[in-house]
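**Q** sharing a sequence plus its predicted fold:
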Amino acid sequence: MEDSLIEALKMAVGARYLVLDPMALLTYCCDGYTLAEESPRAVVLPATVEEVQAVVKILSAANIPFLARGAGTSLSGGATPLNGSVIIHLSRMNKICEIDVENRVVVVEPGVVNVHITRALEPYGYYYAPDPSSQQACTIGGNFAENSGGPHCLKYGVTVNHILMAEVVTGAGEVVRIGNLAGEPEGPDLLGLVIGSEGTLLVATKLWLRMTPKPQDSQTVLALFDEVGEASQAVSDIVAAGVIPAALEMMDQLAIYAVERGAYPVGYPPGLAAVLLIEVDGEAHEVPAVAEDVHTVLSAHQVREVKMAATPEEKARWWANRKTAFGAMGLISRQYYVQDGVIPRSRLPEALSRIAEIGQRYDIQIANVFHAGDGNLHPLLLYDERDSDLVERVIAAGSEILEACVQLGGSITGEHGVGIEKREDMRRQFNDTELSAQYAVKDAFDPPGLLNQGKLLPSAPTCFEAKPAPVQSS
Amino acid sequence: MEIDTGQCVHCGLCLPACPTYVETGLEAESPRGRVLLLERLEENPELMNDAAAMFLDDCLGCRACEEVCPAHVPTAHMVEEWRAKEAYWPDEVGPEGFAVFRRISGPLSFFFGSARGLAWFQRLVRWSHWPVIGQWVSHLRFVPESARTLSEGLPHRVPKSLSRIRRGNPPAAPTDKAMLFVGCIMDTIYAETNHHTQDLLQLGEVEVVVPQRQRCCGALHKHGGAPEVARRWAQENIMAFEESGASTVVVNAAGCGAMMKEYSNLFEKEDPWYARACRLEEAVVDATAYLASLPLPDGAPQGAEITVHDPCHLAHGQGIRQEPRQLLKRAGYHIQEMPDSDLCCGSAGIYNLTHPAMAQSLQKRKVESVPEGIGQVAAANPGCLMHIQAGLRKQSGTVEAVHPVDLVWEAYHRQGVV
């Protein structure tokens, strides 16, 4: 990087918060998706919106690509720098600015860890509803970029349903507020457009979030199955019975094997084919009745055992066990490649058997741990990066799984985002006209195409018109 | 132990648990960043530079990341292995922390390696309180500059003799025979805490033996990168335990307890010492956890509220969080919890000597999170006690850092039970 640019960035954030050492930069070479790696050109750590703005202005004037990063827990490469991008690491912007109980709004900076918001709201009887499994580490800015979900989104909705207003810095370095505290769009729903745009349109610097009252009561039901088909049928039947669980999660045999060796073993009996975790919540008087309904539906299937959590500690353990499942894969495999396809809930049995068939055909071990209630699959394809043939098979199999999801009437991503990983798979989902419309949006927000290059949209169009090609091919 | 970073899947769940990441916001100062550095350096040692060495050496060894890691990646242990391999760099290269450790590891071995050395150490610390001699002590060549700030945290009265030479009143019908591990800092600066531990054990019908042969657990050397010293001292402690005839080893310093529960790591599996170390490991219990399990009486409610700091090597290293609280509550204390009670205070063995800047940032964070109106901060580890006390005195308040055993003893003492 040119000396004048280095000086300018130092002026903007302070010399201490401009990182140029190659080994320090190396640690930013990827996020939770490890199949693509590149060191950033530099990392800056601004502390205020003014500093973010100054940095963006300097970079855009120099025509240098850049991206915002939070905790780097993204699973599709959203926080991985490509094409010599500069990373704007928002870890220092981690304050909870205001808790406005009267209006049920909590105001936070983008670097705040998701679960810290819930912890801060606890004394007031509220929480922040979207709970990605990485919530102990992932930041709200990343949730904004990815429109993150989580187990409890089945009942409470995803990130977009919980952000009322956002202060953002545009690619040109302007500070703008989008949305309003009433939560109703004025004109086109810009907030809905930018949430989930994976950092390709702008950088969020402050967010106004909805506070959700803590349900009076909740109960978690655990069902142990000897057959995956029975478990997936039970999922559909619970929802068909009119119950909307707060969360409805499933793990298969291999996933259970890994989590039982992890930080929070539950002590599942050996030989299980699948477990279902179902949480119901609401008013104190309705929860036991609904839990009983769930129990009845489950018992109508071939189920080994149905249990209710006896204590809050037991419930917390069941969930901690589930939520650390991805990380626990490290205990049974060097790497994993997680897919994030979505299918209509009723096609779950079919989808799981197709995934198993694909795994067999490519000779790959696949663990399944996912949000069954909303049909959001997370097949984890296990591999070792030292076996290049295996790596190729894993990528091919992953792609085929997504194809199957689209064929079953679903989508290629539920909550992990497209990132680098599923960029080319976008073509499975969208035709040329639809993609052109997306390019046009990108072009409207970021004409020089500097924001989070190489993500979300497939590489330069070949067979359709789009002006000007906004994304460089990597 | 072979450095194996393979279990890390780069999920990042460790980031908010890491004090150096919380403090700097830098990926390279996070456990995941350190694992990646170790992995790449293993593949290509040529990549090593000053910055990478500093990022790795900045690890406090607090093990918070190990506790939250879904795949049990032993990051703190791996960094320790790395230090042991790299600590013999020539003086002019490597991070400042290495240089400080090299300067003080010799004197540490002398002072903590024998009862005679400990008595000298106690004497010097006592002298450091005197105006003129104190100046001289703090300017001895092997005393790092950072020790001067730390000495702010010393108790006003440093005992005149080692705790190990006291004889207690044995219970009439003991239910267990325990060896009291007296440690080094505990044996000298906090000798009274050892006496109190002994009194409380006896109150709980346990016979206490205090072998004279025992010595420092070796943790400071192990963490600093000199496992060979730790190994020698571990052998002495193993022999002391075997000769004592005790079935339990009670340790009231979290750092020593965590170290002694891993003594077998110091020996190869084929080494006969390995099995002996395993037997000691199984006998080691933390004093607060052990006392919480004894039939101690219910104390009268205490007036002032206290808060509890969870020492890293108690909470993350040994998984002990509730027991000190149970013990304190039973003695009559009301606890108001502080936020992030298990975030490292920056003491981390001799980290506050080798890495003063980071240690003081964390110290500030810790004392600022002590709730208003609190009289005492309970901390079951000598390093935390001294470091937090130094921070509290800087705040010019009257809050004291006290070992939970002392708090419990005082409560019972006021009621005439001990």
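**A** Perfect, thanks for sending it. Treat the numbers as computed from the prediction; the structure is a model and nothing was measured. Numbers count the residues shown, from 1 in each chain, chains lettered A, B, ... in the order given.
**Q** who are the contact partners of the residue nearest to B:Ala283 when sequence neighbours are not counted?
**A** Nearest residue to B:Ala283 in three dimensions, chain neighbours excluded: B:Val249, at 4.7 Å (C-beta to C-beta, 6 or more residues apart in numbering or on different chains). The C-beta positions use only the backbone N, C-alpha and C, and glycine is treated the same way. The contact partners of B:Val249, taken as C-beta atoms under 8 Å, 6 or more residues apart in numbering or on different chains, are B:Ala178, B:Met179, B:Phe181, B:Phe241, B:Met260, B:Leu280, B:Ala283, B:Val284, B:Val285.
**Q** out of these, who's the most crowded?
**A** B:Phe181 (29 neighbours; other C-beta atoms under 10 Å in any protein chain shown).
**Q** so it bridges to which residues?
**A** Applying DSSP bridges to B:Phe181 gives these bridge partners: B:Val251.
**Q** for it, give its distance to chain A.
**A** Using C-beta to the nearest C-beta, to the nearest Å, we find B:Phe181 at a distance of 29 Å from chain A.
**Q** just checking, that residue touches B:Lys261?
**A** No - using C-beta atoms under 8 Å, B:Phe181 is not in contact with B:Lys261; the gap is 11.7 Å.
**Q** what residues are shared contacts of those two?
**A** B:Val284.
**Q** what stretches of the chain score poorly on pLDDT?
**A** Here I'm looking at chain A. A:460-474 (pLDDT under 70).
**Q** nope, chain B please
**A** In chain B (pLDDT under 70), the answer is B:1-4, B:6, B:87-93.
**Q** just the strands in it please.
**A** Remark: strands assigned in chain B by DSSP state E are B:176-181, B:206-209, B:248-251, B:284-286, B:305-308, B:334-335, B:376-378, B:400-402.
**Q** could those strands go into JSON lines alongside distance to B:Ser146?
**A** Shown next, in JSON lines, are these (distance: least, C-beta to C-beta, whole Å):
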{"stretch": "strand B:176-181", "distance to B:Ser146": "27"}
{"stretch": "strand B:206-209", "distance to B:Ser146": "36"}
{"stretch": "strand B:248-251", "distance to B:Ser146": "26"}
{"stretch": "strand B:284-286", "distance to B:Ser146": "28"}
{"stretch": "strand B:305-308", "distance to B:Ser146": "26"}
{"stretch": "strand B:334-335", "distance to B:Ser146": "32"}
{"stretch": "strand B:376-378", "distance to B:Ser146": "22"}
{"stretch": "strand B:400-402", "distance to B:Ser146": "18"}
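**Q** quick revisit: report the separation between the residue nearest to B:Ala283 and chain A.
**A** B:Val249 sits 27 Å away from chain A, taking C-beta to the nearest C-beta as the criterion.
**Q** just the helices from the stretch 251-400 of chain A, written as ranges.
**A** A:253-259, A:287-299, A:312-323, A:325-328, A:348-362, A:388-407 (DSSP state H, counting those that start in this stretch).
**Q** kindly report the domain assignment for the chain.
**A** Because you didn't say which chain, this covers chain A. As assigned by automatic domain parsing, chain A contains the domains A:3-89, A:96-213, A:216-331, A:333-429, A:432-469.
**Q** looking at chain B here, not the other one
**A** B:15-86, B:296-414.
**Q** and those domains: which comes nearest chain A?
**A** Closest approach to chain A among those is made by domain B:15-86 (2.8 Å; C-beta to the nearest C-beta).
**Q** let me see the contact set for the residue nearest in space to the middle of chain B.
**A** The centre of chain B sits closest to B:Gly255, judged by C-alpha atoms, centre = their mean, with a distance of 2.9 Å. Shown in contact with B:Gly255 (C-beta under 8 Å, 6+ apart): B:Cys217, B:Ala219, B:Pro311, B:His313, B:Gly317, B:Gly349, B:Asn381, B:Pro382, B:Gly383.
**Q** who's in contact with the last one?
**A** This points to B:Gly383. Contacts of B:Gly383 (C-beta under 8 Å, 6+ apart): B:Ile185, B:Gly255, B:Pro311, B:Ser347, B:Ala348, B:Gly349, B:Ile350, B:Asn352.
**Q** now the second one: closest residue in space, sequence neighbours ignored.
**A** Counting by C-beta to C-beta, 6+ apart, the nearest residue to B:Gly255 once its immediate chain neighbours are dropped is B:His313, at 4.7 Å.
**Q** ok, the one you found - how many residues close by?
**A** 29.
**Q** quick check: it vs B:Gly94, distance?
**A** Distance from B:His313 to B:Gly94, counting by C-beta to C-beta, to the nearest Å: 25 Å.
**Q** in which helix or strand does A:Gly242 reside?
**A** If you go by DSSP states H and E, A:Gly242 is not part of any helix or strand.
**Q** A:Tyr128 reaches A:Asn114, doesn't it?
**A** Yes - using C-beta under 8 Å, A:Tyr128 is in contact with A:Asn114, at 6.9 Å.
**Q** list the buried residues of stretch B:123-139.
**A** B:Leu124, B:Val125, B:Arg126, B:Ser128, B:Gly134, B:Val137, B:Ser138 (16 or more other C-beta atoms under 10 Å in any protein chain shown).
**Q** mind checking how far A:Val369 is from chain B?
**A** 12 Å.
**Q** isn't that residue up against A:Gly262?
**A** No - counting by C-beta under 8 Å, A:Val369 stays clear of A:Gly262, with 11.6 Å between them.
**Q** what residues are shared contacts of the two?
**A** Common neighbours of A:Val369 and A:Gly262 (C-beta under 8 Å, 6+ apart) are A:Ala325.
**Q** with neighbour numbers in mind, choose between the two.
**A** When A:Val369 and A:Gly262 are compared for neighbours, A:Val369 comes out ahead with 27 against 22, by other C-beta under 10 Å.
**Q** hey, what's the more buried one bridged with?
**A** A:Met251.
**Q** surely A:Leu451 and A:Ile64 touch.
**A** No - counting by C-beta under 8 Å, A:Leu451 stays clear of A:Ile64, with 11.3 Å between them.
**Q** higher neighbour count, these two?
**A** A:Leu451 (27 against 18).
**Q** who's in contact with the more buried one?
**A** Applying C-beta under 8 Å, 6+ apart, the residues near A:Leu451 are A:Pro65, A:Phe66, A:Leu67, A:Gly171, A:Gly199, A:Thr200, A:Leu201, A:Leu202, A:Val203, A:Phe445.
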